[in-house]
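> model this:
(4 chains)
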4 protein chains.
Amino acid sequence: MLTIKDSVHDHIEVEGVAEALLDTPAVQRLRHVSQLGTVSLVYPSANHTRFEHSLGVYHLANRALDSLNVEGEAGERVRAAALLHDVGHGPFSHNVEGVTHRHTGKYHDDVGELLTRGEVGDVLREHDLDPGTIAGLVGGEGRYGQLVSGELDVDRMDYLVRDAHHTGVPYGTIDHERLVRALTFVDGELVLDEGNVQTAESLLLARALMNPTVYTHHVAQIGKAMLRRASERLLATSPDLDAADLRRMNDHDLLVALRSTPATEATAERLLTRDLYKRAVWTEIDDVPDAVLGADHEAIRAYEAEIASAADVDERRVILDVPEPPTMTESTSRVIVNGEVRRLERQSPLVSALRTASRNQWRLGVYAPAEDVDRVGRAAVDALDLDVDGTLVSHVRGGLHATLDEFG
Amino acid sequence: MLTIKDSVHDHIEVEGVAEALLDTPAVQRLRHVSQLGTVSLVYPSANHTRFEHSLGVYHLANRALDSLNVEGEAGERVRAAALLHDVGHGPFSHNVEGVTHRHTGKYHDDVGELLTRGEVGDVLREHDLDPGTIAGLVGGEGRYGQLVSGELDVDRMDYLVRDAHHTGVPYGTIDHERLVRALTFVDGELVLDEGNVQTAESLLLARALMNPTVYTHHVAQIGKAMLRRASERLLATSPDLDAADLRRMNDHDLLVALRSTPATEATAERLLTRDLYKRAVWTEIDDVPDAVLGADHEAIRAYEAEIASAADVDERRVILDVPEPPTMTESTSRVIVNGEVRRLERQSPLVSALRTASRNQWRLGVYAPAEDVDRVGRAAVDALDLDVDGTLVSHVRGGLHATLDEFG
Amino acid sequence: MLTIKDSVHDHIEVEGVAEALLDTPAVQRLRHVSQLGTVSLVYPSANHTRFEHSLGVYHLANRALDSLNVEGEAGERVRAAALLHDVGHGPFSHNVEGVTHRHTGKYHDDVGELLTRGEVGDVLREHDLDPGTIAGLVGGEGRYGQLVSGELDVDRMDYLVRDAHHTGVPYGTIDHERLVRALTFVDGELVLDEGNVQTAESLLLARALMNPTVYTHHVAQIGKAMLRRASERLLATSPDLDAADLRRMNDHDLLVALRSTPATEATAERLLTRDLYKRAVWTEIDDVPDAVLGADHEAIRAYEAEIASAADVDERRVILDVPEPPTMTESTSRVIVNGEVRRLERQSPLVSALRTASRNQWRLGVYAPAEDVDRVGRAAVDALDLDVDGTLVSHVRGGLHATLDEFG
Amino acid sequence: MLTIKDSVHDHIEVEGVAEALLDTPAVQRLRHVSQLGTVSLVYPSANHTRFEHSLGVYHLANRALDSLNVEGEAGERVRAAALLHDVGHGPFSHNVEGVTHRHTGKYHDDVGELLTRGEVGDVLREHDLDPGTIAGLVGGEGRYGQLVSGELDVDRMDYLVRDAHHTGVPYGTIDHERLVRALTFVDGELVLDEGNVQTAESLLLARALMNPTVYTHHVAQIGKAMLRRASERLLATSPDLDAADLRRMNDHDLLVALRSTPATEATAERLLTRDLYKRAVWTEIDDVPDAVLGADHEAIRAYEAEIASAADVDERRVILDVPEPPTMTESTSRVIVNGEVRRLERQSPLVSALRTASRNQWRLGVYAPAEDVDRVGRAAVDALDLDVDGTLVSHVRGGLHATLDEFG
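Numbering: from 1, shown residues only, chains lettered A, B, ... in the order given. I've put the predicted structure just below:
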């Protein structure tokens, strides 16, 4: 057994299959993949990695298994899945996922392959664990897969407190000890025990507050959009590089590759020196035609070209960012209320209110270098047929960090 | 200037009128008045006092004044009011307020008198401050009174983080530094600056989560009800003691007085050894007839007598607890949204959801010694004409702390 | 099993004999005995109690037992002893111990009696535990007694972090998780495992820094001396009160008793309003004759009378405070170094340096009301034959909190 | 003015020249230079950067300037120097400094050049600040240079608390607020005010405990030695790369360069997957001949070749690590004691004890791949003429982290 000191959970004890997995290249690579990607452009102390997060998830899984009295091989499987749950992430975590997945197909298949091949597969088999089963748990399959990926998974519990610790934003500071202790199974479903509606709500609220303040802060969004577009251009202009290679990179590899490729060098410099594009348009969902909301990758590229042409700027200087419509996984978490299992959305009036609030915070963005912002903004309103008045950049309802915003 | 070390705000600098006020008996008395009263029966580490809270409120007021560029005498007045805002509290803070106020009249008049007389009045006048004006600020009057008592007051900001620190419940950990920096005045009204809807919501949500978990936890409620009833009995059976005397007591005085008075000795022993009454009835607002909801002090006493008689137990062994209907002060806080001042309840869908949630958590309680719970419960359902089924004690929707509950 | 939320250790699980003991009056009484007594006169947020500390010690004992693989009845005994280790304390913890022990004899006998009689004894016997054995463990006897009371006991680990949390002074923030995991037994002796010299030193250093900053801060010392003298006077003038009664009081009882007794009323008011005596003399150990250093209770009273008479003030207005010579229990803790058990004082050059530093901080104090300080100071130098120059109040080498000092 | 949220100091306000400097490439580059380099191989959550540390130093400098009432241009100069104090660091901070400095000459000249040229120089001149003066402050010159670099500098205060926050090791948690408030000038020297010997000692002790636990943990040492040797090899085998280029790299650049260079590829892989060399020899200073202790760069290379040859392994598989003899800057910090300025080493018995303890922790290491450890160890004892018995790897007195050690 080895003991690792963690800034969030203090001492984490690692043993069994997890100890052996820790030394595999696939897990060690996570030391070089940042947890929050471009969020560190807003919160400079948010430089934590997928590695420490994976240790945290492993730790909380262990606590949950203790509390649920799960022992033996079932426990070992969950522990392995918890430690491995993020090995499929590309560089900068979710930031370039869209790019690699569009090219490589389904994320889940990738994970299955990753867990089967190489040292990870060897270690799992040496410990009599089936890589396919572990990949299933990572994907949330089965009774115990809910602990790894689901509405009440320990992944969420770790990242909320860890991101709070590293950004300095307190909203994510949930009572994870209480959550872990309140977990129980009813008819194979993972639920929170009697008396924990509020506990479930607190998880939902923590994410609802962290979302606009941290995860989708517009400066992080701009950085992410720039990183994605540059990664696509890197793929398109590098004959020797395919999407699978890109996904196996770590943050260092990608940054250096972007900087040493002519087509992406300028964006890389901008990202490295925080000389980011600004918002030319920032507008609410109701102002956006359905055609734009439903635009696929190619259609978005076409819009960008049209805007660039109308504004008479280089195509690379326009980014159209149509975020996914907001979801709220936690809303379907289950709690026992007076002896009966209920979905939180049925039980708590907060769920639909948060759904509305979340929709209110959604914004379509068009980004451009500071000097092109006016021209690009006007061109975009025309090209996208946006229903905006004179103010192209409207404030997010509640989402802007007034002071930090100046930093953007 | 003196510097005081605080567990929440670290170093607090006290100077000017505040430094002089600190040594007055009225302020020093707050060292012996607990901040959360009977909440420490649920959260054993919640033994902080009104004194440290008052220092914290003074500190945050000072930060807010800095941020708002308020200087000179206006600032001194607010600082004085912040430090003094709680001197009117009786022993165990809000716990026995009902008792003393019913007898002494309006709280506000009391504060005015307290600030005028004695050393506090002397110190204020020596610093050319008018006690009446300070009392007005404590009551939330005027432009700067909003900082001391209002939807966005620093009182609330201090107690949320302080109560979180001392109970160990993280929900109160708001971003008070951000709140204080976001305050601004528009047309004489204290509002949060552009981009702070979420900041306002976070304050609202923090209290919404702290309420059932901490402030109105049923064990704290039972303790409070026992303390109130005993205090009333103490007043009724002590010819030399009037309500004003009771309000001037500190926690020690009251506990010892209760223990040394025959009519209250038993309750005092129960409170000191945490041998509390249990819930004979615990039911939702919809199950309670309007007559009971609207019952005044005398009517409640009559109901108790009726229940006791029907259950054939001593009258002192029945407590009917009809809490005030829930309020939500923060819902009317104001935020600038796209250049316009809006009330939060108009802006945020969370407000009405929280109002519903809060109403759902409301409970009418009837408490009795463990051995009488069955008899008293049945008698109460009849006497109060409650619309309950067999389960006299229903779970709060989300309000019960599952594990801590066992402790109750 | 019940789970209690603690501000320091988060969730504490209490079960078995400990759960039954928790509800006894002797343990519940600790809710009303402050952990640091008059230290709250310096650090206003230090209002934590022996109750929460006892829970913390129980919790750390449990962790240590887990780590040491101690199970069954041996574990139950240690858990009982951990929870009960402080039930023998009088009001204000160590502050009035001297008074009660001088009158009642040995502390250890008292504890033995307390654990045998009443509900505590009943609970222990119901769980087949011998009260005498538990009292022995509380006194540090036997293999496992070292966990409860010894150089490496969990008592020390809890109070350092807890006192740091509540005062805001970070020096006590040790790595208690690491300490607990490093404990092991060699030949029946509790030692720290290989590679933990530094861990042992950190414990020693934490206390060395907390001592002058918190525990023996001169303002806390003055308050303590005033409280002791008043308690002695209370005993002397209250025919119905004996030392055993005094020891059974809680903080409330003592404060109210002092306030309602003519001989001690004035001191009680001073303590309650923080209108403390000041230092008339504050001088180093080398300036004090051996006769004074070795003076017993009676001799000290005689010195005080002599000083009062020479200064022409009432005898109650002079307090001579001759603190115990400094000790350093942690210096004899044992660590395994290259396979061999060594005492820390043999291994670490810090031990003797800290001993010297601690001796340098020792001060003899004579305290009097502010207005008598000059007269009393001069009289005391003569009466005690002190070797001081004009400066009667010399600064502790490093011990004074420069800013907080002003508060004194 | 902009406000940045920091995980350690909460909100940091940046204005004036600092705000303009923040956007320069030289400062933004620090986002990609880790603060603790290979320490993250031991403490996985220690991924903080020089950027956030520089903001923290700027913030504490600002607090100190406030406390010292330094205004106007003198303050602006210090603020600029505080923010810029680390721009001269190469990739992985101190880890490869030896390499670049050996080739480029004095660090201080480099900084002077860095601050004069490029955008930093432009910004400074636009704000009427002389780059040479700022470089002087960074080097600790002059009255206010002591705040930036000296025994009581704010650099030290920030890194101790920040490293504690990110490693999870509490020993660095000093009372920085108190330190900053206690600073004062006497005859142009920066000293701690009366009553702060203990405050000075706490700074010294914090570093004394952090040193072996964090900064010189043997696993971090091994990683650092591997990184240095690889960087030297990179320089030697890359005709287009000179030392100045190397120093301007960030962490990403260096890692990718090492991985894509045949001579360093293997070491890069080992560092990226934490497949580190192990200790073949680990021995105390008294066991090492003076010739080895005094060996320069060339001599060390010759020893390595001799050991490799004797052990019959490739030269790249042997690293001889002769750390600098321990220093203790804080020992000369100054404190006012009874009105007189004294150096801490004169005042506190702890200084010489810590010096001894620090010397006891010093170790000479020889590192090799796990499979070569035995052969290399025996060869090294001969080649270096070490006075060791059979145990080639002796335990650091107190320095080994027993459990984490296993991780090494």
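> on the three-state scheme, the closest residue to chain C within the stretch 251-400 of chain A is what?
Using CB to the nearest CB, the single residue of the stretch 251-400 of chain A nearest to chain C is A:Ile336, 17.3 Å away. Where you see a C-beta, it was placed from the backbone N, CA and C, and this is true even at glycine. Secondary structure of A:Ile336, reduced to three states by DSSP: H, G, I helix; E, B strand; the rest coil: strand.
> please name the nearest non-neighbouring residue to it.
Taking CB to CB, 6 or more residues apart in numbering or on different chains as the measure, A:Ile336 lies nearest to A:Glu194, with 4.6 Å between them; neighbours along the chain are not counted.
> pull up the gap between that neighbour and chain D, please.
Distance, A:Glu194 to chain D, using CB to the nearest CB, to the nearest Å: 35 Å.
> so A:Val388 sits in a helix?
No: counting by three-state DSSP, A:Val388 is not part of a helix but coil.
> pick out the residue nearest the middle of chain A.
The geometric centre of chain A, computed from its C-alpha atoms, lies nearest to A:His94 (CA atoms, centre = their mean), at 4.7 Å.
> quick revisit: wait, the residue of the stretch 251-400 of chain A closest to chain C sits on A:Glu189?
No: counting by CB atoms under 8 Å, A:Ile336 sits too far from A:Glu189 to count as a contact (10.5 Å).
> who's more crowded, these two?
More crowded of A:Ile336 and A:Glu189, by other CB atoms under 10 Å in any protein chain shown: A:Ile336, with 20 against 13.
> beta-bridge partners for that one, please?
A:Val341 (DSSP bridges).
> pull the contacting residues for it.
If you count contacts by CB atoms under 8 Å, 6 or more residues apart in numbering or on different chains, A:Ile336 has them with A:Thr184, A:Val186, A:Val191, A:Leu192, A:Asp193, A:Glu194, A:Asn196, A:Arg342.
> quick one: buried ones out of these?
Buried members of the contacts of A:Ile336, counted by 16 or more other CB atoms under 10 Å in any protein chain shown: A:Thr184, A:Val191, A:Leu192, A:Glu194, A:Asn196, A:Arg342.
> which SS class is A:Gly365?
Judged by three-state DSSP, the three-state class of A:Gly365 is strand.
> and the nearest residue to it once chain neighbours are set aside, what is it in contact with?
Distances taken as CB to CB, 6+ apart put A:Asp321 closest to A:Gly365, at 4.1 Å, once the chain neighbours are dropped. Contacts here follow CB under 8 Å, 6+ apart; on that basis A:Asp321 touches A:Gln221, A:Ile222, A:Ala225, A:Leu364, A:Gly365, A:Val366, A:Tyr367.
> can you list the residues of chain A near chain C?
Taking CB under 8 Å from any CB of the partner chain as the test, the list of chain A residues beside chain C reads A:Thr3, A:Asp10, A:His11, A:Glu177, A:Arg178, A:Arg181.
> can I get the residues you listed in TSV with secondary structure and pLDDT?
Formatted as TSV, these follow (DSSP: H, G, I helix; E, B strand; the rest coil; pLDDT from 0 to 100):
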residue	secondary structure	pLDDT
A:Thr3	strand	93
A:Asp10	strand	96
A:His11	strand	96
A:Glu177	helix	95
A:Arg178	helix	95
A:Arg181	helix	95
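> which one of the residues you listed is nearest C:Val376?
Taking CB to CB as the measure, C:Val376 lies nearest A:Asp10 of those, at 51.0 Å.
> quick one: that closest one from A:Gly172, how far?
When CB to CB, to the nearest Å is the yardstick, A:Asp10 and A:Gly172 sit 18 Å from each other.
> for A:Leu129, which three-state class applies?
Local secondary structure at A:Leu129 is given as coil here, using three-state DSSP.
> now do the contacts for it.
A:Leu129 makes contact with A:Val17, A:Glu73, A:Glu76, A:Arg77, A:Ala80, according to CB under 8 Å, 6+ apart.
> gap between it and A:Arg77?
Distance check for A:Leu129 against A:Arg77: by CB to CB, it reads 6 Å.
> now for A:Asp86, how many residues are close by?
With neighbours defined by other CB under 10 Å, the count for A:Asp86 comes to 22.
> same question for the one 3 residues further on.
A count of neighbours around A:His89, defined by other CB under 10 Å, yields 22.
> over to A:Ser331?
Count around A:Ser331 with other CB under 10 Å applied: 19.
> thought A:Arg355 was touching it, still the case?
Yes: under the criterion of CB under 8 Å, A:Ser331 makes contact with A:Arg355 at 7.1 Å.
> mean confidence for the helix or strand containing A:Val111?
Under the assignment given by DSSP states H and E, the secondary-structure element containing A:Val111 is helix A:107-116. The predicted model gives helix A:107-116 an average pLDDT of 79.
> what's the offset of it from the middle of its chain?
Here helix A:107-116 is found 18 Å from its chain centre; the criterion is CA atoms, centre = their mean, to the nearest Å.
> whether it contacts chain D - can you check?
No: using CB under 8 Å from any CB, helix A:107-116 stays clear of chain D, coming no nearer than 15.4 Å.
> got the CA coordinates for that helix in PDB?
The C-alpha coordinates for helix A:107-116 follow below in PDB (Å, rounded to 0.1, in the frame of the first residue of the first chain):
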ATOM      1  CA  TYR A 107     -15.500   8.100 -27.000                       C
ATOM      2  CA  HIS A 108     -16.600   5.000 -25.300                       C
ATOM      3  CA  ASP A 109     -15.000   2.700 -27.900                       C
ATOM      4  CA  ASP A 110     -11.800   4.600 -27.500                       C
ATOM      5  CA  VAL A 111     -11.800   4.000 -23.800                       C
ATOM      6  CA  GLY A 112     -12.500   0.300 -24.300                       C
ATOM      7  CA  GLU A 113      -9.500   0.100 -26.600                       C
ATOM      8  CA  LEU A 114      -7.300   2.100 -24.300                       C
ATOM      9  CA  LEU A 115      -8.100  -0.200 -21.300                       C
ATOM     10  CA  THR A 116      -7.500  -3.300 -23.300                       C
END
